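Enquirer: here is my input; please provide its structure:
(one chain, ligands or ions: 2)
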Amino acid sequence: MKCAICFEEIFLPYYKSSSCECKIYYHLNCIEKWHKISKTCVICKKIDNSSLNNLRKIHNKIYELIVFVIIFLLIILLVFVKIMIY
Ligand SMILES: [Zn+2]
Ligand SMILES: [Zn+2]
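Expert: Residues are numbered from 1 along each chain as shown. Ligands and ions are numbered 1, 2, ... in the order given. Model prediction:
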């Protein structure tokens with residue numbers, strides 16, 4: 001899956017245009033930059049009126065969750081290392 005704006009691979013999270021039939025995906029950062037310049041679909045130039053604000057909130061929640069899980073795993077690893085040493 002490649003971004004329709006920067007042509008680089010997309011992992012998580014991604015955004016699919018919902019206001020047209022194009023099967024395209026973007027990085028959220030790329031589509032936010034694009035939306036500041038133009039409110040049209042990158043491919044077919046139809047007006048893209050999808051709301052990015054909710055998506056940005058979900059995006060931030062996913063990142064918070066990932067950071068939380070990483071911190072949690074680090075703590076578990078630290079505890080495990082301490083147990084192994086003593
Ligand atoms: Zn991109
Ligand atoms: Zn389109």
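
Enquirer: buried ones in the helix or strand where residue 30 lies, by neighbour count?
Expert: Using DSSP states H and E, residue 30 falls within helix 28-37. Across helix 28-37, burial judged by 16 or more other C-beta atoms under 10 Å covers 28, 30, 31, 34. Bear in mind the C-beta positions are built from the backbone N, C-alpha and C, glycine included.

Enquirer: the second one reaches residue 3, doesn't it?
Expert: Yes - Residue 30 is within contact range of residue 3, at 5.6 Å (criterion: C-beta atoms under 8 Å).

Enquirer: overlap in contacts of those two?
Expert: Residues touching both residue 30 and residue 3 (C-beta atoms under 8 Å, 6 or more residues apart in numbering): there are none.

Enquirer: longest single helix anywhere in this protein?
Expert: Counting residues, the longest helix found in the chain (DSSP state H) is helix 52-85.

Enquirer: report the angle between it and helix 28-37.
Expert: On the basis of axes from the mean of the first three to the mean of the last three C-alpha atoms, to 10 degrees, helix 52-85 is oriented at 160 degrees to helix 28-37.

Enquirer: could the buried residues of helix 28-37 go into TSV alongside distance to ligand 1 and pLDDT?
Expert: Formatted as TSV, the buried residues of helix 28-37 follow (distance: C-beta to the ion, whole Å; pLDDT from 0 to 100):
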residue	distance to ligand 1	pLDDT
28	9	87
30	3	90
31	8	88
34	9	89
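
Enquirer: got the residues of this structure near ligand 2?
Expert: 20, 22, 41, 43, 44 (C-beta under 5 Å from the ion).

Enquirer: you'd agree residue 15 is in a helix?
Expert: No - under DSSP: H, G, I helix; E, B strand; the rest coil, residue 15 falls outside any helix and is assigned strand.

Enquirer: gap between it and ligand 1?
Expert: 10 Å (C-beta to the ion, to the nearest Å).

Enquirer: same check on residue 1?
Expert: Distance from residue 1 to ligand 1, by C-beta to the ion: 11 Å.

Enquirer: and if you look at residue 12?
Expert: 13 Å.

Enquirer: how far off centre is the helix holding residue 30?
Expert: Centroid displacement of helix 28-37 relative to its chain, using C-alpha atoms, centre = their mean, to the nearest Å, is 12 Å.
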